[in-house]
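Whatever this is, show me its structure:
(chains A and B)
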Amino acid sequence: MGELGVQTRSTMDSWVCPNDRQLALRARLNAGWSVHTSEMKSFNRRESLSQDEQEQIVRVMKRAELLDGAEQERIGRLVERLDNMKKNCIGNGTSQCVLCGDHFGLMSASSTHCEDCKKACCMKCTVDINPIHSPKMQRKAMVLCKICSEDRELWKRSGAWFFKGLPKYTIPKSRGDTKYTGSSAITGLGAGRSKPEVLRRAGKPVQQRQYNTWSRANKNNYGDSSDSNSSSEEESEDDDDISIGRSKHNVTSLDSEVDSMSVNSANNNLYCAASQSSITGAAQLSATESSRGSLHGDSDSEISTQGFSRNSSLRSQNPAHSRTNTGDDIDSAFNQYGVNEDTPPSSPDSDSGSSLGTLEFSILYDAVNNALKINIARGRGLKAMDSNGLSDPYVKVHLLPGASKANKRRTKTIPKTLSPEWNETLVYHGITEDDMSRKALRLAVLDEDAFGSDFIGETQVQLKKLKAQQTKSFNVFLEKQSPMERDDDLISHERGKILIALKYSTHKQALHVSIIRCAELASMDSNGYSDPYVKVYLKPDKDKKSKHKTAVKKKTLNPEFNEEFVYEIKHNELAKKTLEVTVWDHDLGKANDYIGGLLLGIQSKGKCLKHWFEALKYPDKEHQKWHNLTLDQPRIDH
Amino acid sequence: MAKTYDYLFKLLLIGDSGVGKTCVLFRFSEDAFNSTFISTIGIDFKIRTIELEGKKIKLQIWDTAGQERFRTITTAYYRGAMGIMLVYDITNDKSFENIKNWIRNIEEHASSDVEKMILGNKCDMNDRRQVSKDKGEQLAISFGVKFMETSAKASINVEEAFLTLARDIKAKMDRKLDATGQNNKNQGQQLKKSDGKKRSGWKCQIL
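As a prediction, this is how the structure comes out:
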């Protein structure tokens, strides 16, 4: 009922001076300058609601509450992720990349500045926020560091963009340090329960935190101040905060969410048992508390006195307990027991498996940019490999089939721990739908030693299980090395891939060729890597003026070049030309090795022809495409 | 994982009693129709996840009772809504006239950023029409909101209406957040771009 409602209730028959907004509105609606509130129908509560009706409403609210609880945890996870990212920043943002701490310099990473925080970061740690078709160089100006882009995404996903501040959320606590808060919360309530299971359940989930501003940087307001904060929050909490006094209806399924809910229904019942007694406590407490001025606090409304009341007062005393009655916290429940619904096959032999430890990670396939992003979150209870009873774990990721250096990614090593927090995102570029349908990902956890490393355990994920644009989270037990080890035969003929952008600018009468990056290049040097660079040649060309090459990227099989070459040429002449793109391995003192290449022109075939054709047909637009490099084809007459 | 959606949008349906809010929602969420009139008690909601521009959007759509006596409860839900559907019945002139009052209600209780849309429901019953489509459009234009005639019974425009509203909300969201990063820097950079490029193009000639 908003502000007006509160005013009128205290001075029931008096005239109310409307506020500015209302005045402005009424002027527009020709409704006069003030109203006698008793004449406004909406303020008359002549007809009270029947018992049945109240119960019906309470049921709906209960359902909404379940949903909001799930939503709060979802936001909580997003916030936690962002916080973790922030914690992992090691650079200073000026001479180093703010995220990964790489030093900038001539020979090393080039720096760019984040659009939001204005700090320096390297290309690896930034996200392009330009529309895809914008030209290459401008791209440099419009990047966000991964943190700021994640921050923006959080504002979108949480609804903060609308409510002008992050809504309430709950951070699922990691196991281990929860027990204390949990039990103390319950004794604090005076609701003695002996079942240890219930105890654990009720104590488990949460911690209430809030940020209200965009620039909340590193402030962590743990729950304690939640009361004052939340009063400034949006009305949306109306359906969040209501605890049900006497309703016994235990809604276990939400429409179209049945799949998730039913999985957990057994847990849910247990859960409700725990929360019910706490609710009684809440109801008693809040009976004496005057709640904030909204509908539900309205003490002469029949519903609120009998049916439900805000438990904010309870919560402020007892933040750790506050969200126990939300239901549907499957994720944290599963986390707690170290089992993931997605990977039941790994749990059955958990006797042997658990001794190796668990790995938490999430995978996202970005079909638009052909990128496969693997976020390695953390490991838990890893097997100790070193004599000090600890390990120095890192995660190695391989794309199968074809395990090679080119498709290997690894995280940093976290020294001396059995519960490492990596929170690193590893990216594979140039992954096509076809790759997704037939390839698998192997994640191996290893212990780094001074010489070599020890294998701890591994897990595999079939990529075809993933859906594009959907982040899928895993929490799995590690297994012993799988029997079917490596099948390197496939890689031998694969030379790698290259991402090229073509654009013909009619205005400048020039062809822009951008060499963006290569992926999974064949390794040419004895160290297992190559020092690749790319040559671009527009043929036929007598005086070889059109020959360009990129900088050499040292010791990498997945180089990022981001270089653009411009050929001033008339559109009709261009049709007769062929663009030769070759990738080379730079060697000091001996002839450079040829890695692979391709031809873009009217004589080329398939994808190459299509790319060339589109670039000519639709000028002034950037056309990006991945191409496979081949060993023989482009090595034609010079 | 069931909860894989990108955004959660909260929508609200309001309008006089009997205009078909519940039916519209029933059509959208279950693709079904029930002709018996059961007055909504207070509030209810349904959920449906849709996909827009590659993003999964979960819509939580609140259905409200049109009856006066529930007004206290229903208005409490205005503030949390990102989008509001105002529904009237084309065979009932009074429900159309009341749209003005509902708009006023929104302006008093809902967030000022809320996206609105007017629906003229029951458009399958042309023979009993009291409100012309023109009148509906005029009204919508005067309030600067979108308008559609729908029929929950014949399944006309219901899907479209919700998708339109969701799209508008998403567009507003994208605009809001992406605008914060856009500034005039863009242009200065573009100038630099062209001469920097030339050089990189010619530098390689030496080789």
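
and residue 90, what pLDDT?
Picked chain A for this. In this model, A:Ile90 is scored at 77, pLDDT.

um, chain B though
We have a pLDDT of 94 for B:Ile90.

do the one 5 residues further on as well
Turning to B:Ser95, the model gives it a pLDDT of 94.

Surely it is in a helix?
Yes - assigned with DSSP: H, G, I helix; E, B strand; the rest coil, B:Ser95 falls within a helix.

so what's it up against?
Residues near B:Ser95 by C-beta atoms under 8 Å, 6 or more residues apart in numbering or on different chains: B:Gly15, B:Asp16, B:Gly18, B:Val19, B:Tyr88, B:Asp89. C-beta: built from backbone N, CA, C; applies to glycine.

So which of those are in strands?
Judged by DSSP state E, those include B:Tyr88, B:Asp89 as members of strands.

and the residue in the stretch 451-600 of chain A that chain B sits nearest to, bridged to which residues?
Chain B sits closest to A:His548 of the stretch 451-600 of chain A, with a gap of 3.7 Å, by C-beta to the nearest C-beta. Beta-bridge pairing of A:His548 under DSSP bridges involves A:Val536.

Neighbours of it, how many?
Counted with other C-beta atoms under 10 Å in any protein chain shown, the neighbours of A:His548 add up to 24.

Thought A:Val536 was touching it, still the case?
Yes - assessed by C-beta atoms under 8 Å, A:His548 is found in contact with A:Val536 at 4.8 Å.

Now the common contact residues for these two.
Common neighbours of A:His548 and A:Val536 (C-beta under 8 Å, 6+ apart) are A:Phe565.

In contact with the most centrally placed residue in chain B, which residues?
By C-alpha atoms, centre = their mean, chain B has its centre lying nearest to B:Leu165, at 2.5 Å. Contacts for B:Leu165 (C-beta under 8 Å, 6+ apart) come out as B:Leu11, B:Gly83, B:Met85, B:Glu115, B:Met117, B:Lys146.

Rounded mean pLDDT for the helix or strand harbouring it, please.
B:Leu165 belongs to helix B:158-181 when assigned by DSSP states H and E. Averaging pLDDT along helix B:158-181 gives 85.

Would you state the strands of chain B in chain order?
Using DSSP E, the strands of chain B run over residues B:7-14, B:43-52, B:55-64, B:83-89, B:115-121, B:146-149.

Next, the distance between the ends of stretch A:89-97.
9 Å (C-alpha to C-alpha, to the nearest Å).

which non-adjacent residue is nearest A:Gly381?
Nearest residue to A:Gly381 in three dimensions, chain neighbours excluded: A:Gly357, at 4.6 Å (C-beta to C-beta, 6 or more residues apart in numbering or on different chains).

Touching stretch A:526-537 from outside, list them.
Applying C-beta under 8 Å, 6+ apart, the external contacts of stretch A:526-537 come out as A:405, A:498, A:513, A:515, A:518, A:521-525, A:544, A:546-557, A:559, A:561, A:563, A:565, A:579-587, A:593, A:595.

Just the buried residues from those, in PyMOL please.
Buried members of the contacts of stretch A:526-537, defined by 16 or more other C-beta atoms under 10 Å in any protein chain shown, are picked up in PyMOL with:
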select buried, chain A and resi 405+498+513+515+518+521+522+523+524+546+547+548+549+550+552+553+556+557+559+561+563+565+579+580+581+582+583+584+585+586+593+595
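
quick one: which of the contacts of stretch A:526-537 sit in strands?
Counting by DSSP E, the part of those found in strands is A:498, A:513, A:515, A:518, A:548-549, A:561, A:563, A:565, A:579-585, A:593, A:595.

related to what we said a few turns ago, mind checking the strands of chain B for the one nearest to chain A?
Smallest distance to chain A across the strands of chain B (C-beta to the nearest C-beta): 5.0 Å, for strand B:43-52.

Which other helices and strands does the closest one contact?
If you count contacts as 3 or more C-beta pairs under 8 Å, 6 or more residues apart in numbering or on different chains; DSSP states H and E, strand B:43-52 packs onto helix A:51-87, helix B:21-30, strand B:55-64, helix B:158-181.

Any stretches of chain B with poor pLDDT?
B:1-3, B:179-207 (pLDDT under 70).

how does it look with 90?
Chain B contains residues with pLDDT under 90 at B:1-6, B:31-39, B:52-55, B:68-73, B:75-76, B:79-80, B:105, B:111-113, B:173-207.

Then the stretch 451-600 of chain A?
For the stretch 451-600 of chain A (pLDDT under 90), the answer is A:451-497, A:503-511, A:519-531, A:537-549, A:553-558, A:565-580, A:584-600.

Which residues does A:Ala510 form beta bridges with?
Applying DSSP bridges, one finds that A:Ala510 bridges with A:Ser505, A:Glu568.

for it, what are its contacts?
Shown in contact with A:Ala510 (C-beta under 8 Å, 6+ apart): A:Tyr504, A:Val566, A:Tyr567, A:Glu568, A:Ile569.

if we can go back for a sec, what would the strands of chain B look like in TSV with mean neighbour count?
Formatted as TSV, the strands of chain B follow (neighbours: other C-beta atoms under 10 Å in any protein chain shown):
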stretch	mean neighbour count
strand B:7-14	25
strand B:43-52	18
strand B:55-64	22
strand B:83-89	27
strand B:115-121	26
strand B:146-149	19
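
Next, format the ones you listed as a markdown table and append distance to A:Leu443.
As requested, these are exported to a markdown table (distance: least, C-beta to C-beta, whole Å):
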| stretch | distance to A:Leu443 |
| --- | --- |
| strand B:7-14 | 29 |
| strand B:43-52 | 29 |
| strand B:55-64 | 26 |
| strand B:83-89 | 41 |
| strand B:115-121 | 43 |
| strand B:146-149 | 48 |
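
Which one of these lies nearest to A:Lys439?
For A:Lys439, the closest of the strands of chain B is strand B:55-64, at 24.3 Å, according to C-beta to C-beta.

follow-up on the earlier one: mind putting the helices and strands packed on strand B:43-52 in a markdown table, distance to A:Arg442 included?
Shown next, in a markdown table, are those (distance: least, C-beta to C-beta, whole Å):
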| stretch | distance to A:Arg442 |
| --- | --- |
| helix A:51-87 | 24 |
| helix B:21-30 | 42 |
| strand B:55-64 | 28 |
| helix B:158-181 | 37 |
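
Could you say which one of these comes nearest to A:Ser419?
Nearest to A:Ser419, of the helices and strands packed on strand B:43-52 and by C-beta to C-beta, is helix A:51-87 at 13.8 Å.

neighbours of the residue nearest to A:Gly381, just the number please.
Neighbour count of A:Gly357, defined by other C-beta under 10 Å: 23.

Look at the residue nearest to A:Cys125 when sequence neighbours are not counted and give its secondary structure.
Nearest residue to A:Cys125 in three dimensions, chain neighbours excluded: A:Leu99, at 3.9 Å (C-beta to C-beta, 6+ apart). The three-state assignment at A:Leu99 reads coil, by three-state DSSP.
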